[in-house]
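Enquirer: build me a model from this:
(one chain, ligands or ions: 1)
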Amino acid sequence: MPAPVNLFKKALREETGLLTGLWVALANPHSAEICAGAGFDWILIDAEHGPNDIPLIAAQLAAVTRHPAHPVVRLPVGEPWMIKQALDIGAQTLMIPMVETAEQAKMLAKALRYPPFGIRGMGASLGRASDFGRVSDYADTANDEVCLIAQIESRLGVENAEAILATEGVDAVLIGPADLSADMGYRGKATVPEVMETVEALIGKIKASGKPAGIMTGDAEMIALARRAGVRFMANGTDTGLLARAAASMAAEMRNAGGAASAPAKGAGGYS
Ligand SMILES: O=C(O)C(=O)C[C@H](O)[C@@H](O)CO
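Expert: Numbers count the residues shown, from 1 in each chain. This is a model prediction of the structure:
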């Protein structure tokens, strides 16, 4: 029995529509399962900015299996030992932040794959990836079913984009406008013309390479640009932002209903 087919990777390769996603950073299997059942094509389990560790990520991966939303796991950094652990607990698609050079991209591509192409250590029989050894052909078939999404989100990464995209084993690139704009000197201002132009040109480079482009943005202007430019996978919000905004809205409604004079909700959790 072979490794499970990576339906997200297959869709990126074979379909043409937009795959809609949600950033999931609450680090909780219940909320991850709620989000996975909401109708998105994928969810991003964020271990870069969410308080996620390997056991928690494993619990979330198990919690979302009944829903079609594909779980993408973002690691804090692209370290082979972290990649090995994430794959062995069953993540099939990994997003690695701040990829800036072809050398880094090549190292990451190898870390996701078994020898002879890669350096992934043998041991998945201990983990969810192989259903604890019950997927007998896992090691022989896993390399084709893992998916590496490199994040380009800095000036250096943009400068090296073609070389990163040309790296064998990089399956997709997701643009991070928040970090990219900060690196460009526009922290918190991702929709200034210089950043928008950089993002549009980068989407063009990714598409020209034949690989799918993705983006995470909550800015209406950036969303419109991304849709116009033809990104293939996009997230426009987070579970934390949805919860914070909905809770603040209900609190305000209840206060207003009560007629009590009270200060408006401060800092209603928006997209961050
Ligand atoms: O740089 C970006 O943009 C991202 O990588 C997304 C951020 O991590 C964060 O804004 C997600 O909410």
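
Enquirer: so who does the residue of the stretch 51-200 of the chain found nearest the ligand touch?
Expert: Residue of the stretch 51-200 of the chain nearest the ligand, by Cβ to the nearest ligand atom: Gly176 (2.7 Å). Glycine gets a C-beta too; all of them are placed from N, C-alpha and C. Neighbour list for Gly176: 97, 151-153, 216 [criterion: Cβ atoms under 8 Å, 6 or more residues apart in numbering].

Enquirer: repeat that for 6 Å
Expert: Gly176 makes contact with 151, 153 under the criterion Cβ atoms under 6 Å, 6 or more residues apart in numbering.

Enquirer: is the ligand within reach of stretch 245-262?
Expert: No. Residues of stretch 245-262 contacting the ligand under Cβ under 6 Å from any ligand atom: none, with a closest distance of 13.6 Å.

Enquirer: what mean pLDDT does that stretch have?
Expert: Averaged across stretch 245-262, the pLDDT comes to 86.

Enquirer: the residue of the stretch 51-200 of the chain closest to the ligand and Val158, how far apart?
Expert: 11 Å (Cβ to Cβ, to the nearest Å).

Enquirer: Ala58 too?
Expert: Taken as Cβ to Cβ, the span from Ala58 to Val158 is 34 Å.

Enquirer: can you check Gly78 too?
Expert: Counting by Cβ to Cβ, the gap from Gly78 to Val158 is 18 Å.

Enquirer: likewise for Asp46?
Expert: 22 Å.

Enquirer: compare those two (neighbour count), which wins?
Expert: More crowded of Asp46 and Val158, by other Cβ atoms under 10 Å: Asp46, with 26 against 20.

Enquirer: got phi/psi on the residue nearest to that one when sequence neighbours are not counted?
Expert: Closest residue in space to Asp46, ignoring its immediate chain neighbours: Ala25 at 4.4 Å, by Cβ to Cβ, 6 or more residues apart in numbering. The phi and psi values for Ala25, taken as degrees, to the nearest 10, are phi -130, psi 10.

Enquirer: Ala25: what's it in contact with?
Expert: 46, 49-50, 238, 240.

Enquirer: please repeat the previous calculation with a cut-off of 10 Å.
Expert: 31-32, 44-52, 74, 238-241, 272 (Cβ atoms under 10 Å, 6 or more residues apart in numbering).

Enquirer: model confidence score at Ala163, please.
Expert: At Ala163, pLDDT is 98.

Enquirer: show me the strands in the chain, by range?
Expert: 19-24, 42-46, 70-74, 93-96, 147-152, 172-175, 213-216, 233-238 (DSSP state E).

Enquirer: and the pLDDT at the closest residue to Thr16 other than its chain neighbours?
Expert: Excluding its sequence neighbours, the residue lying closest to Thr16 (Cβ to Cβ, 6+ apart) is Arg232, at 7.9 Å. You'll see Arg232 listed with a pLDDT of 98.

Enquirer: count of residues packed around Arg232?
Expert: The tally of other residues near Arg232 (other Cβ under 10 Å) stands at 23.

Enquirer: surely it is in contact with Leu18?
Expert: Yes. Applying Cβ atoms under 10 Å, one finds Arg232 in contact with Leu18, separated by 6.6 Å.
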